[in-house]
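> Sequence and predicted structure below; questions after.
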Amino acid sequence: MKKTLLLAYKDLAIYFRSPLAYVLMAFFLLASGYFFVVGVGFYEMLSMEAMRSPEVADFTLMELVVGPQLQNAGIILLFFLPLLTMRGFSEEKRMGTFEMLMSYPVREWEVAAGKLVALLGFLAAAIGVSALCSAGLLFMFSRPEIAPMLVGYLGLLLLALAFCSLGLFLSSLTENQVVAAVATFVALLLLWVLSWLKDAAPAGAKPVLANLSMLTHFEPFTKGVLGGSDVIFFVTFIAGFFWLTVLSLENQRWRA
Amino acid sequence: MLKRLSMTVLTGIVAVALLMGLNVLAAKHDWRWDATSNKRYSLSETTKAALASLTGPVHAVAFFRPSEGSSQTEDMLELFAQQSKQFTYEIVDPDRAPFRAKQMDVRQSGAVVVESDGRSDKVVFPDEQALVNAVVKATSRRKSVVRVVTGHGELDVDAPGGHGATTLKKLLTDQGGTVQPITLAKTKTVPDDVDLLLILGPTDNYLDHEIKVLDEYVDRGGRVLVALAPETPTNLDAWITKQFGLKMPSGFVVDTLSQAMTGDAMTPLAQKYSRMPITRDFALMTLFPTSGALLAADGNAATAKNATEPQGLAFSGEQTWLETNIQGLHQGTAAFNPGEDTMGPFWLGAVYEGPARGAGSANATAAAPAAQANATNATVSKAPETRGVFFADQDFLSDDFIVIGGDKDLARNSLNWLLEHESLISVNKPRPVAAFLVMTPLQRAVMTYVPVVIAPLACIILAIVVAMRRRRPRYQRNPGNSGKA
C-alpha cells in the first residue's frame, strides 16, 4: 500500500508540475461552469414566475441546475480524460521509463493502483473545485438540498474513475499516446451511448444493452438517487479494467 | 508457458463470472436510496400500498416514439415493476406497431394502457397518480357506487368553485367509483348497491321521510360521510346524535395558533389525530375553515375498546375554544369568556364503527356491498357493519380549500376507509420545499463570473506559472541543490 501511495504521489507530482493538468482543469471548469450558469439563469426566471403561487412550485435546484450540469460534466470528462490517461503507460514506454519502473521491487497491481490513485487525486481536485465554484455558490443565495448533491458528485467521481480505469488499460497496451487516447475516447463513447441502441435492438437484448450503458447507470446519481446496482456497476467496471491492466503489465514483464 | 496461459485464462473466466454475477445480483435485489427530501423519485405510500395489494397480473403498455423520450414514464413503470412482481410493462413504438395502437385505441404517443384480466384503462398523461389510478381501475372487480344527497343546499360535486366539490368527486372517480346524486325525498329506500352516502353540508332541514330513509340505510349497515355546516344548524344535527351518539354544540372553534400561522383564527388547525386506519402515520396539518366542534353526546370520549361509540378523528389544539358569541365574531371582538365558552381541544372530525343494528335481517345482509365485493384488497366483512365519518365543517371539502395542507389526504383516506379500500389509505408525498433563486445584480455577477471566468482563469495562471518554472534551469529552481549537481 505504501508503495502504491508513493507511486501515486510521484504521478500526481508529475501532473501538477506540468501545465497540462492546469490547462485541462481550466477547460473542464469553463465548460461545466458554462452549463451551470445557463441552468441558473433558467432557474432564476422560473423562480420569479413561481413566486406568485409558491404552493404549486414543484421544481428543485438539483433537478434543473445541478443534475443537468453533472450530466454535461460527464460528457466533458469523456473528451478530456483520454488526454490524461494516455500518459499513464504510453508516455512511460515512449520515454523509456517503463522498463525502469517495472524493474523496481514493486508488484504489477501496485503500479496500476498507483496510476489509478494519482488520477483519482487529480479528479477529486477538479471535481471538488468545480463543485465549490458552482453548486457551492448556490448555498450562498438559496436553500438547495445537500444530500442529493453529494450523491450526484459521488456519481460523477465514480464515472470519471471508470473512464480512467478503461483509459489506463488501453494505455498499457500501446506506446503510442495518440492511439491510446483515440481508442479510449471511442470505447467510452460507445459505452456511453449504448442505451440509445436499445430501441432498435431485439426485445431480449434491450435490458442487456441498457445495463451496459454508463449513461443508464449515471443518470440516477444526477437525480440524487443512490442505486445499489449503479454503484456495483461502476465498482465492478473499475475493478474489471484494473484487473485487465494488471494482467497486461504482468504479461509485459513476463515477456521482457 | 502453457501453464501460465491456462492459469491466466482460468483466472479471467472466474473474474468475469464474479463481476457479472455481482451485477446480476445487484440488479435483482436493487437497493436504492432517494436522497431528495420529499422522495421525489420514489413511489408514494399510496402507490406502494395499491401495488402491494395486487393479487393478479397487471400489464402496462406504454406507447412512445423513440424520438419523444419515454425516460420519465419508463422510470416510473420500472419502479412499479420493482414494487410488485404482478406488475409488468413494455414500451411500444406506435409507428412500428400501428395495429396494436389501434387495437388499444391509442391515437397519440405518450399514452399508457394498463390491462388486467381482460379489463383495461388508458392514461393519456401518465404520472404516478394517474398510473396508480389506472391500476386500481383495471383491477377493480366492482365499481364503488357513491351517492351524494342533494336538495338541502349541500355542496355540488359537479360545480367547480367555492360551493363545489368536484375534487372530492374526482378522488372517487379516479379510483373507479361512480358518483351520482340521490334525492331522498323521491325514494323509499337507498338502493342496495350503494356503497357510500355523502352528505356535504346541508343548510336546510331534512323531511321526516328522508330521515327515515337514512335511518333504514344506516341500520342495515350503510356507510355515510357527513360534513355539517356549523353556520346553519339543521335537524341532521339531531339525527347524528340519535344514530351515532355525536352532537355539535352551537358556536365556532377559534384557534389563536391558526391566527398566527394562517392569519385567520376562524380556521382551526388539526395536527393531532387518533391512531386508527384513516389517520395512522398521518403527519400533515389539516385546516377547517369556520368549523364547529363535535362531542360525544353522553359527554364521554369513547375509547378504542368501545368501538360502537363515536371516536375523535382529528383534534383541534389545546389553545382553541368554542366561541358562542357569534355577534362578537362578526365584529372581530370575540375573546374567551370562562363562564360562556368552552376550552378545547375538540373533535373536528369523528368516526363511528359498529355492527348494523338490523344485522340478521334480509335487508342487512344485502347492505354494505363494498364489504362483500371489495375491489382492491379482497377483504370481506363477515357481518354488516355501519361506518360513519363526521366533520364539523363542510368548507374543507370544497374545491377552494381541499387542496390546502393535508385536507385532500384526510378526505381520501376517510372515503377509502368507508369503502373498505384500506390498502389505499396512506399519505401522499409532500411537495418539495420551494428553494427559489432570485439574485441581486451583484449576486448574479458572482454566480456568473466565479464558475466561468475566475476559476478557469486561476487555473490558466497556475499553468503559466508552472510552465515558466519549468523553463528555468534546474539550479535556479532549487538553488540549494546547485552545488550537488
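Yep, that arrived.
> any idea of the pLDDT on residue 190?
Just going to use chain A. Looking at A:L190, its pLDDT is 87.
> look at chain B instead
91.
> ok, now B:S70?
pLDDT, B:S70: 59.
> quick one, longest strand in chain B?
The longest strand of chain B (DSSP state E) is strand B:347-355.
> in that strand, what's buried?
Of the residues in strand B:347-355, B:W347, B:L348, B:G349, B:A350, B:V351, B:Y352, B:E353, B:G354 count as buried by neighbour count, 16 or more other Cβ atoms under 10 Å in any protein chain shown. C-beta here means a position set from N, CA and C on the backbone, and glycine is covered the same way.
> May I ask you to confirm that the first one is in contact with B:F315?
Spelled out, that is B:W347. Yes - between B:W347 and B:F315 there is a contact at 6.4 Å, judged by Cβ atoms under 8 Å.
> related to what we said a few turns ago, which single one of the buried residues of strand B:347-355 is nearest to B:T448?
B:L348 (51.0 Å; Cβ to Cβ).
> how about the nearest residue to the closest one, chain neighbours excluded?
Excluding the flanking residues, the one nearest B:L348 by Cβ to Cβ, 6 or more residues apart in numbering or on different chains is B:A314, at 4.7 Å.
> Check which helix or strand the one you found maps to.
strand B:311-316 (DSSP states H and E).
> what do you get for B:L225?
Per DSSP H and E: B:L225 is located in strand B:223-227.
> Kindly calculate the angle that that strand makes with strand B:347-355.
Strand B:223-227 and strand B:347-355 meet at an angle of 160 degrees, taking axes from the mean of the first three to the mean of the last three Cα atoms, to 10 degrees as the criterion.
> Which of the residues in the host helix or strand of A:V246 are classified as buried?
Under the criterion of DSSP H and E, A:V246 resides in helix A:228-255. For helix A:228-255, the neighbour count (16+ other Cβ under 10 Å) marks A:229-238, A:240-252 as buried.
> ok now do the nearest residue to A:G152 once chain neighbours are set aside, which residues does it touch?
In space, and not counting its chain neighbours, A:G152 is closest to A:L70: 4.8 Å by Cβ to Cβ, 6+ apart. Counting by Cβ atoms under 8 Å, 6 or more residues apart in numbering or on different chains, A:L70 touches A:G152, A:Y153, A:G155, A:L156, A:F221, A:T222.
> please redo it, this time with the cut-off set to 10 Å
Neighbouring residues of A:L70 by Cβ atoms under 10 Å, 6 or more residues apart in numbering or on different chains: A:32, A:35-36, A:62, A:127, A:130-131, A:134-135, A:149, A:151-153, A:155-156, A:159, A:218-219, A:221-223.
> out of those residues, which are inside helices?
Counting by DSSP state H, the contacts of A:L70 place A:32, A:35-36, A:127, A:130-131, A:135, A:149, A:151-153, A:155-156, A:159, A:218-219, A:221-223 in helices.
> got the phi/psi numbers for B:V61?
Backbone torsions for B:V61, taken as degrees, to the nearest 10, come to phi -120, psi 120.
> which residue sits closest to it, ignoring its sequence neighbours?
Leaving aside its sequence neighbours, B:V61 sits nearest to B:V113 (Cβ to Cβ, 6+ apart; 4.9 Å).
> Correct me if wrong: that neighbour contacts B:K122.
Yes - contact criterion Cβ atoms under 10 Å: B:V113 and B:K122 qualify, at 5.1 Å.
> residues shared between the contacts of B:W347 and B:F315?
Common neighbours of B:W347 and B:F315 (Cβ under 10 Å, 6+ apart) are B:A270, B:S274.
> which secondary element of chain B has the worst mean pLDDT?
helix B:362-366 (a mean of 47; mean pLDDT, DSSP states H and E).
> pLDDT weak spots in chain A?
Scanning chain A for pLDDT under 70 picks out A:53-57, A:198-200, A:203, A:255-256.
> Can you show me the strands along it?
Under DSSP E, chain A gives strands at A:225-227.
> With chain B in mind, check whether the helix holding A:V246 reaches it.
Yes - shown here: helix A:228-255 in contact with chain B (Cβ under 10 Å from any Cβ of the partner chain) through A:228-233, A:235-237, A:239-240, A:243-244, A:247, A:250-251, A:254.
> for B:I404, what are its contacts?
For B:I404, counting by Cβ under 10 Å, 6+ apart, the contacting residues are A:E55, B:T262, B:T267, B:M285, B:T286, B:L287, B:P289, B:F396.
> Could you rerun that using 6 Å?
Counting by Cβ atoms under 6 Å, 6 or more residues apart in numbering or on different chains, B:I404 touches B:L287.
> What is the burial count for the nearest residue to B:R387 once chain neighbours are set aside?
Using Cβ to Cβ, 6+ apart and skipping residues adjacent in sequence, the residue nearest B:R387 is B:R223, 4.8 Å away. B:R223 has 27 neighbouring residues, counting by other Cβ atoms under 10 Å in any protein chain shown.
> Now do the same contact list for B:R223.
Counted by Cβ under 6 Å, 6+ apart, B:R223 has contacts B:L196, B:R387, B:L418.
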